[in-house]
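[1] Predicted structure and sequence below. I'll ask about it afterward.
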Amino acid sequence: MKTFVVLMGAPGAGKGTQAKKLEAALNLPQVATGDLFRANLKNNTELGQLARTYMDKGELVPDEVTVAMVRDRLSQPDCEQGAILDGFPRTTAQAAALDALLSDFSAKIAVVPFIDVNQDVLVERLVKRAEIEGRADDNVETIRVRMQVYHSETAPLLDYYDEKGLLVKINGEQAIDEVTADLTQVVRKVM
Ligand code: ADP
């Protein structure tokens, strides 16, 4: 059976960190749209050029561009048994596109863990990450926009997945390994 996991959580909730750990623990590839865009940026592709204009402002890259990129990635052989999606879907249109895409692969979402972290903790983490990693979109103004975008565009997806019975809330304020343990348990149940 294929296992497609959608990791949800606000910017700074720890999706990337956890997706990497889950990748190793569950032997499923991490598919992170932010990383895919950053790789395109680095290689100076046309897609990267286009994405930059949005990413630099903290805005979302248009759905059709993002969905095409995800479709391409999920079509790779390493995603045959499933994948851990990190940073996608981020809009209701992307969620609908993902359902359609998976149905083309005769698959569906197995579970949607939501890494829950208090807003104040999130901002603190992002500011710190900006100092350490120097990611171009980790500055105070962009963080503010990304949070707004999250609340208006992405947070409604929590209800969407909850209504489908797929959402499982995880306490994201625990130590990193405790969060991983909770997530692993939740995903193993549906594998
Ligand atoms: P974070 O980990 O802070 O949530 P990401 O690394 O996932 O950030 O994404 C960084 C930027 O890449 C976003 O602010 C956005 O511009 C773009 N991006 C990533 N995923 C998507 C998506 N699913 N749809 C549109 N834009 C996206």
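    Happy to help now that I have it.

[2] Helix or strand: which one has L157?
    Assigned by DSSP states H and E, L157 belongs to helix 156-163.

[3] Identify the residues contacting the longest strand along the chain?
    Determined from DSSP state E, the single longest strand within the chain is strand 109-116. With contact meaning Cβ atoms under 8 Å, 6 or more residues apart in numbering, strand 109-116 is reached by 2-9, 13-15, 18, 82, 98-99, 102, 158, 161, 164, 166-173, 179, 183, 186-187, 189-191. Every residue, glycine included, has its C-beta placed from N, CA and C.

[4] Run the angle between the helix holding L157 and strand 109-116 for me.
    Between the axes of helix 156-163 and strand 109-116, defined by axes from the mean of the first three to the mean of the last three Cα atoms, to 10 degrees, the angle is 130 degrees.

[5] just checking, what packs against helix 156-163?
    If you count contacts as 3 or more Cβ pairs under 8 Å, 6 or more residues apart in numbering; DSSP states H and E, helix 156-163 packs onto helix 92-104, strand 109-116.

[6] from the protein, which residue is nearest to the ligand?
    Residue nearest to the ligand within the chain: G34 (2.1 Å; Cβ to the nearest ligand atom).

[7] and the following helix or strand past the longest strand of the chain, how far from the chain's centre?
    Following strand 109-116 in sequence order, the next helix or strand is helix 119-133 (DSSP H and E). Put simply, helix 119-133 sits 17 Å off its chain's centre (Cα atoms, centre = their mean, to the nearest Å).

[8] Same check on stretch 150-162?
    Centroid separation for stretch 150-162 versus its chain: 13 Å, with Cα atoms, centre = their mean.

[9] Which positions within it qualify as buried?
    By neighbour count on 16 or more other Cβ atoms under 10 Å, the buried set for stretch 150-162 is Y150, E153, T154, L157, L158, Y161.

[10] same check, this time on stretch 50-64
    By neighbour count on 16+ other Cβ under 10 Å, the buried set for stretch 50-64 is L50, A51, R52, Y54, M55, G58, E59, L60, V61, D63.

[11] what helix or strand is the fourth one on?
    In this case it means Y54. Using DSSP H and E, Y54 falls within helix 46-55.

[12] tell me the angle the next helix-or-strand element following that helix makes with helix 46-55.
    Using DSSP H and E, the helix or strand that follows helix 46-55 in sequence is helix 63-74. Using the same axes, to 10 degrees, the direction of helix 63-74 lies 130 degrees away from that of helix 46-55.

[13] This structure against the ligand: which residues are in contact?
    Contact residues, the chain versus the ligand (Cβ under 6 Å from any ligand atom): 11, 15-16, 33-34, 37, 54-55, 58-61, 66, 87-88, 90, 94, 137, 146.

[14] ok so, going back, in the longest strand of the chain, what counts as buried?
    Neighbour counts over strand 109-116 (16+ other Cβ under 10 Å) mark I109, A110, V111, V112, P113, F114, I115 as buried.

[15] Since that was my last question, I'll sign off now.
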